[in-house]
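K.L.:
Need coordinates for the following:
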Amino acid sequence: MEIKILNHSDELHTCEPFSINCLLWGTLEIPSTHGRIGFVREEGFYLSLTCEESSPLRTYTADNSPVYKDSAMEAFFCFWPKGRPSDIYLNFEMNANGALLAMYGTSRTERTVFPSHWIEKCRCRAQVGENGWSLSLWIPLCILEEIYGELTFENGTSLSLNFYKLSEAPDIEHYASYAPIQAPHPNFHLPQYFEQSVLTEASEYTRSH
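P.N.:
This is a model prediction of the structure:
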């Protein structure tokens, strides 16, 4: 995946959409789910996700609650200080109420929950319509550097990521990812299956698309 370097977050709509359509662990179908991601220098990463799912399950309203038990969309990232992959990755999990569960760490069990002031900075917002729902999220550079230390983001910078659609609710249980996962049981905390992504200047991005 190429991540377009934008001049302003309002240009996110110019980024190439991606689809979350790798069905996992017995899932037979999910509502059409897609997103866009872009990067703005000195600001951070901007993400939008949309699911054509009417009446999504949305029980939880508080941030850092188990939104994966509702109908949820998620984004996982691993950033590369000094150009080298790190063991630390971030998970952002969101439901149709705009409740955000965000953590970082080196494994599924070794996680640190985002403090409330970080959650507020991420500005997670949800919109629910008759035929679907959508999310927007900002991942500020200041938070990334609190976690990783100094980072450099420029044309050609690499990171890895994956995106998910799921619910652990028994009546609607389903799992899907952007990049495929080869694992016997439901588990999104597998950085070895994240896809490598590269930041790309707008001019080069336009030529390649």
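K.L.:
T112 and L90, how far apart?
P.N.:
In this structure, T112 and L90 are separated by 10 Å, where distance is defined by CB to CB, to the nearest Å. Any C-beta I mention is one placed from the backbone N, CA and C, and that applies to glycine too.
K.L.:
what about the two, which has more around it?
P.N.:
Between T112 and L90, L90 has the larger neighbour count (other CB atoms under 10 Å), namely 21 against 12.
K.L.:
For that one, which residues are in contact?
P.N.:
L90 makes contact with F76, F77, C78, F79, A102, M103, Y104, I139, I147, according to CB atoms under 8 Å, 6 or more residues apart in numbering.
K.L.:
and the nearest residue to G149 once chain neighbours are set aside, how far is that from K165?
P.N.:
Taking CB to CB, 6 or more residues apart in numbering, and ignoring the residues beside it in sequence, G149 has P81 as its nearest neighbour in space, at 5.8 Å. In this structure, P81 lies at 30 Å from K165, with CB to CB as the measure.
K.L.:
of those two, who's got more company?
P.N.:
Set P81 next to K165 and count neighbours by other CB under 10 Å: K165 wins out with 29 against 16.
K.L.:
which parts of the one helix or strand that one maps to are buried?
P.N.:
Secondary-structure assignment from DSSP states H and E places K165 in strand 158-167. Residues of strand 158-167 classed as buried by neighbour count (16 or more other CB atoms under 10 Å): L159, S160, L161, N162, F163, Y164, K165, L166, S167.
K.L.:
From these, pick the one nearest S71.
P.N.:
The shortest separation between S71 and any of the buried residues of strand 158-167 is 4.8 Å, and it belongs to S167 (by CB to CB).
K.L.:
Tell me who's in contact with the nearest residue to the closest one once chain neighbours are set aside.
P.N.:
Spatially, and ignoring its direct neighbours in sequence, S167 is nearest to S71 (4.8 Å; CB to CB, 6+ apart). S71 sits next to C51, E53, P56, L57, R58, N95, A96, S167, A169, I172 when contact means CB under 8 Å, 6+ apart.
K.L.:
did I read that right, the fifth one in a strand?
P.N.:
No - according to DSSP: H, G, I helix; E, B strand; the rest coil, R58 belongs to no strand; its state is coil.
K.L.:
How far does stretch 142-159 sit from its chain's centre?
P.N.:
Distance, stretch centre to chain centre, for stretch 142-159: 16 Å (CA atoms, centre = their mean, to the nearest Å).
K.L.:
Endpoints of it, how far apart?
P.N.:
Taking CA to CA, to the nearest Å, the first and last residues of stretch 142-159 lie 17 Å apart.
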